[in-house]
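Q: here is a sequence together with a model predicted from it:
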Amino acid sequence: MSVEENKAVVGRWFSEFWGKDFNPAVIDELAAPDIRFEYSLHAPCRGRDQVRAFAIAFRTAFPDLNFWGTADLIAEGDYVVGQWEGGGTHTGAAFDDWPIGELPANTGKTMRFTGTTILKVENGQITAEIGLDDGVAALQQLGMIPTQ
């Protein structure tokens, strides 16, 4: 696939997986069956089922979760890089996919943070999504670690 086609796949993923209007069907459409999915703020996932479980749990805890691009996507070969910003308000279930413990249900706290993600697209499917996010800012906003 061309870099422009790969960017289109990632653009759709960012919109339908990470955007405010989550479309769970996009996981089966665009994620490879054995996708490698890793962010510094969360436990790594392997495969569509783990990615789906993560997304549902994250969105159950943060029903207004929304992330969006903050710069044009950059692509070369099979790789696409995107910068993003986003967050949400914790008005739902408890959430324990943090490196330092569980956030109890419905704290009402809002997090907003930024990050950069590298995705590998092969034959129209995302085989890897590796992100580095400002987890310190998110965890401080949620009251899980102290601010200075």
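A: Now that the structure is in, tell me what you want to look at. Residues are numbered from 1 along each chain as shown.
Q: which residues in the chain form strands?
A: Counting by DSSP state E, the chain forms strands over residues 31-39, 45-46, 66-69, 74-76, 79-89, 110-122, 125-133, given from the N-terminal end onward.
Q: figure out which of these is closest to residue 58.
A: Closest of these to residue 58 is strand 79-89, at 8.5 Å (criterion: C-beta to C-beta). Backbone N, C-alpha and C define where each C-beta goes, glycine included.
Q: mind checking the pLDDT average for the closest one?
A: Confidence over strand 79-89, taken as the mean pLDDT, stands at 98.
Q: report the buried residues of that strand.
A: The neighbour-count criterion (16 or more other C-beta atoms under 10 Å) identifies 80-82, 84, 86-89 as the buried residues of strand 79-89.
Q: now do stretch 48-63
A: Across stretch 48-63, burial judged by 16+ other C-beta under 10 Å covers 48, 51, 54-55, 57-59, 61-62.
Q: in contact with the residue nearest the centre of the chain: list those residues for me.
A: Taking C-alpha atoms, centre = their mean, the centroid of the chain lies closest to residue 18, which sits 5.7 Å from it. Residues in contact with residue 18, defined by C-beta atoms under 8 Å, 6 or more residues apart in numbering, are 66-68, 84, 86.
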